[in-house]
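S.K.: this one's sequence-less:
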């Protein structure tokens, strides 16, 4: 048989795939990388307030290894893990009244990295003011410790949020560090942007969290919504509308640059403004975690938002059950440690993802041009940020 | 003492070893690598027929991550693991009547990668014909699923083999995916060529499988053979002759390009044509597995070919027992993840290894010149391949 | 608020850290690296005498994989792990009267790498003298096997040490391979230099081993000493003086190039010359181990030098106990697999570390200039090395 007479040649086979590439400028979080520098213009939560105490605690954020502690005066300190003297980790240090002391030669540093003692040096260290343990400024709010890891002259004020400042009756702010909303364990082994994009992807809810795995959230969420995406003064706002029992269910979600998830309760316990904020903390290029603060009426309310499948938490499910009931964790970690952008094919329902990526790229361009990125303010008297996000219902809508 | 009077200088010490190198063109199996392209001109088994079913199954072959499934019409499908939409692995997909559906946004693909549904898109996806999930053609034969991962215009016909087509009385074809002949576990952590070369190395049988570890095969195999090596129209043919009890034992083994082991039963249960074929599947550059199909009279006959040492299977042996009774696994994995070709010293008994390497290199040159490699045919009516391989005895040989 | 009016800009934050770098010339131990070549001008212990026996034993030293064995004539052999024929590891080889035999094709090598048999070759291998298994010369002394892995024409004599040659009443030489002095397990996962520098750092004793973790050694060691550092004809000598109960306690420690720890008993059981020597063996760039030989009166005396914390050995302590009671292991492994030299800040108490680094660098320059480094001799009749090291007391010192 002549090869030219063979049946029609196969089209679209894997043989044609181009070499894989990802957009490094959007995903890499290290110092001096474009996204790394953008992220360093904002405050990030790096622990619960209670994580800072008399025992040095390892923290990894934006690819940097740090140690968190709290001195005798109650001040939280966040320092470079390597002692500036000879590089031993301060994880083995001792927390004292005035700071943290390295185990190796006993240098003592305060929460701002000043070297207070050098016990092996003549007269306790005549030149100890010449050294400084690398440190980062921290502030505590909403039960979390926030750190600013960027250029000191660009340090903005730590924002306040209306949804966490103004309580309804009987409410208080509760905090969670278990990566609520990530759909899996506390440390999630893929790039942070794979999760963050998901915030502006309301369509997947009707598939991944409904028809596919069984309705994980409320029935109200199962219907395919009508959606608009819009740039806000702080990120991307997603407005999803579903008709349910003759009523109109409006759900507004916001992605606030650089990493905030402003997502109303997907279980739609009540129709009201958003209850909680999640901060996606990039640990490094291939892992992240989520801190959440929210209004709560009973301790543990936040944790009760966590999804279960057939009565089981994620960590109790078998491999086979994960395969049958995938959630956000499977969908996002299933994209690989860093997804391959060169192999993506966007459709209309991906408009939100495209919008947030463009907006992030815009901010990168802005800081490279020497300006400050969106949402940053240096005015300590600025009021709290008010979100549009929430679940809302309209009984008798005309149109 | 003057250093010039010191005793004779040590010769041949390890200090003189040159920097290690391997022949990347012969071992690397990825797309666009010389050997990767050669391997992609042939069909390879990537699973048992039963592996394709209603649960998505991970397959890794030639360095590519794929998903195997079987749709409701009974068609096996082999697709790129990453969904062409947003990159989520189809391992978490759902197998349906018409194909496999991604968990994230519900895109549905048939076994040829056509996108049949995009539930999050307006009107189910007006442009869904513009995307295609990368896929590979598969065919089923001998209880195995074969895939063709090369350039579509070069897809040959899937060969038939006389030894698996023409049965003796009471025989049927049995299949095994446990890497029979590899001497160890199912996934063997070294480059495939280290194993494949072993097929044309009949001398090691008398050492590794006889004098060294105790006769692992039959006594007939323990004697050092006389051997000739010859290029065949499909690879290298090895003819080993041993005198046993006044009879002449002829054993013919074939290495068929690119990865076929055509090796008669080393236990020499009977003197006859070869009973089975093994396909060495390179998983990636540093691991491989073996699929075997053979004529059998009783279910499980194939599995009973597996070697035991002191009554134990490989996986039941202690480290110390492996050290005392090494087999093919230890000898080949003991060469390292990829052996160091720059440190080899060939001798006369290595003629077969040199011959198969040259022949593989010739085929690489042939495809780079735009022609088709050895053993490839595009004629669907071509007859089955007849091997010379087998164990044969001659009682009264004159010479 | 105008950003120019903001509070004083934070100084010394982690944002200013330069990209990390280490001094590769001082830490890398591989062939052709500056330090690798310096280390290869000396003998190194690679096992206990009893480690060489009829079972091939894996040895990794200076980044090279080797096999240690002892032939039937009692000769220890140290050969490259990869058989020079086809690269199979000789770990699966068989030790015989005349040498070690490879499992794959049965080539037999003597302790100097000569190929004695090639059973698969015609007439047992007519050309077997053309190949040589890479090997290293070894010598046995003090219960240890020493290897020379450098250029053959530069092989020095294996040194003798007075402290191990001249016994006091009832003493004998005892040997230990458990990395005594390393403060942790047998294999320590960081660069060897991080440990070796510690030998010339007497100040850390008063912190790490006293005030910080609780007095790990004797009380006599807890006081901060007065210290002088001096280059000796073989390395760096550290003389530490402490006033204890009106007496003067002199402690002399030596770092002998390239890797010798000549450290008097830190428990100061008696005031006398140094009892033992430790050799730091770089396994590769990121791990090392320590062999010790010392004078002993009772079997096990050496092992009883090992530190305990609250009655527990290092390997029995919890993570939390390690954090509360760090020792040499935590301080040195806590510097990372290879410490970051670009982030160090030296003070006066680090003079010894600077001195030994400079001295090592000098030796590298010397061998690059074609000369022999410090401490090397080619005279087989040279006397044993006499150390100054020891713990000494002076009751009535005038000054």
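M.R.: Structure's in. What do you need? Bear in mind that the values here come from a model prediction, so they are computed numbers and not experimental data.

S.K.: drop to CA atoms for contacts and neighbour counts, all remaining ones
M.R.: Fine.

S.K.: Near chain C, which residues of the stretch 1-150 of chain A are found?
M.R.: A:31, A:79-80, A:82, A:84-89, A:91-94, A:103-106, A:113, A:120-122, A:131-137, A:149-150 (C-alpha under 8 Å from any C-alpha of the partner chain).

S.K.: Now the buried members of these.
M.R.: A:31, A:79-80, A:82, A:84-89, A:91-94, A:103-106, A:113, A:120-121, A:131-137, A:149-150 (16 or more other C-alpha atoms under 10 Å in any protein chain shown).

S.K.: Just the residues of the stretch 1-150 of chain A next to chain C: which are in helices?
M.R.: When DSSP state H is applied, those are split such that none fall in helices.

S.K.: got the contact list for residue A:268?
M.R.: A:218, A:220, A:391 (C-alpha atoms under 8 Å, 6 or more residues apart in numbering or on different chains).

S.K.: thought the first one was touching residue A:265?
M.R.: No: here residue A:218 lies out of contact with residue A:265, judged by C-alpha atoms under 8 Å, at a distance of 9.9 Å.

S.K.: what's the overlap in contacts for these two?
M.R.: Between them, residue A:218 and residue A:265 share no contacting residue, judged by C-alpha under 8 Å, 6+ apart.

S.K.: who's more crowded, those two?
M.R.: residue A:265 (23 against 14; other C-alpha atoms under 10 Å in any protein chain shown).

S.K.: Now do the same for the residue nearest to residue A:122 when sequence neighbours are not counted: its pLDDT.
M.R.: Using C-alpha to C-alpha, 6 or more residues apart in numbering or on different chains and skipping the chain neighbours, the partner closest in space to residue A:122 is residue C:348 (7.9 Å). On the pLDDT scale, residue C:348 is placed at 95.

S.K.: For residue C:348, what are phi and psi?
M.R.: In this entry, residue C:348 is assigned phi and psi values of phi -60, psi -30 (degrees, to the nearest 10).

S.K.: Could you give the number of residues near it?
M.R.: Neighbours of residue C:348 (other C-alpha under 10 Å): 12.

S.K.: try residue A:18
M.R.: So residue A:18, with other C-alpha under 10 Å, has 10 neighbours.

S.K.: Can you spell out which helices and strands pack onto the one helix or strand residue A:145 maps to?
M.R.: Using DSSP states H and E, residue A:145 maps to strand A:144-148. Strand A:144-148 sits against strand A:43-48, strand A:138-141, with contacts defined as 3 or more C-alpha pairs under 8 Å, 6 or more residues apart in numbering or on different chains; DSSP states H and E.

S.K.: what's the closest of these to residue B:20?
M.R.: strand A:43-48 (45.2 Å; C-alpha to C-alpha).

S.K.: averaged over its residues, what pLDDT does the following helix or strand past that closest one have?
M.R.: Later in the chain than strand A:43-48, the nearest helix or strand by DSSP H and E is strand A:57-61. Averaged over strand A:57-61, pLDDT sits at 98.

S.K.: next one: stretch A:388-399
M.R.: On average, stretch A:388-399 scores 77.

S.K.: now do stretch A:272-290
M.R.: Here the average pLDDT along stretch A:272-290 is 97.

S.K.: Any idea how far apart the tips of that stretch sit?
M.R.: 23 Å (C-alpha to C-alpha, to the nearest Å).

S.K.: which SSE is the most centrally placed residue in chain A in?
M.R.: Nearest to the mean C-alpha position of chain A, by C-alpha atoms, centre = their mean, lies residue A:280 at 0.3 Å. Take DSSP H and E as the rule and residue A:280 turns out to sit in strand A:276-284.

S.K.: For the spatially closest residue to residue A:191 that is not a sequence neighbour, list the residues it contacts.
M.R.: Distances taken as C-alpha to C-alpha, 6+ apart put residue A:286 closest to residue A:191, at 4.4 Å, once the chain neighbours are dropped. For residue A:286, the contacting residues are A:189, A:190, A:191, A:192, A:337, A:338, by C-alpha under 8 Å, 6+ apart.

S.K.: swap the cut-off to 7 Å and go again
M.R.: Taking C-alpha atoms under 7 Å, 6 or more residues apart in numbering or on different chains, we find residue A:286 in contact with A:189, A:190, A:191, A:337, A:338.

S.K.: Close to chain B: what parts of chain A are there?
M.R.: A:1, A:3, A:9-10, A:12-15, A:203-204, A:207-208, A:212, A:323, A:326, A:331-332, A:334-335, A:339-340, A:343-346, A:348-349 (C-alpha under 7 Å from any C-alpha of the partner chain).
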